[in-house]
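S.K.: Starting from these lines, generate the structure:
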Amino acid sequence: MEMKRINAGKLRAIGYDERTRVLRVEFDDGSAIDYDSVGRDVWQRLSTSGSAWSFYRDNIEEEYTGRKGRAKPQTGTRPPGLDDLFG
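M.R.: Got it, this is the predicted structure:
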């Protein structure tokens, strides 16, 4: 699933698998939640919302049951040279 990086409230990334209808939401603390049976229209409204955090809280968090997990570490997100310092 391709993730869209965002910075809205506690949200850091969102993604949607149209085939399985799974919405994945990743948070600033490294946690993630997968929501099943999410329609494409909900994904489109979330991904284009000017207030994604509010949309998530009002239309997804309260309406769907999610499975908790951990966000995958993003590769290549550290500035150049930090790997040399910190491994």
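S.K.: list the buried ones in the longest helix seen in the chain?
M.R.: Secondary structure of the chain per DSSP state H: the longest helix is helix 40-48. For helix 40-48, burial by neighbour count (16 or more other Cβ atoms under 10 Å) applies to 42-43, 46. (Each C-beta comes from the backbone N, C-alpha and C, glycine too.)
S.K.: cool, stretch 62-69 as well?
M.R.: Of all the residues in stretch 62-69, those buried under the rule 16+ other Cβ under 10 Å are residue 66.
S.K.: Can you classify the residue nearest to residue 38 when sequence neighbours are not counted by secondary structure?
M.R.: Closest residue in space to residue 38, ignoring its immediate chain neighbours: residue 23 at 4.1 Å, by Cβ to Cβ, 6 or more residues apart in numbering. Put simply, residue 23 is strand when judged by DSSP: H, G, I helix; E, B strand; the rest coil.
S.K.: Any stretches of this structure with poor pLDDT?
M.R.: 73-87 (pLDDT under 70).
S.K.: Please enumerate the helices of it.
M.R.: With DSSP H, the ranges of helices along the chain come out as 40-48, 52-56, 82-86.
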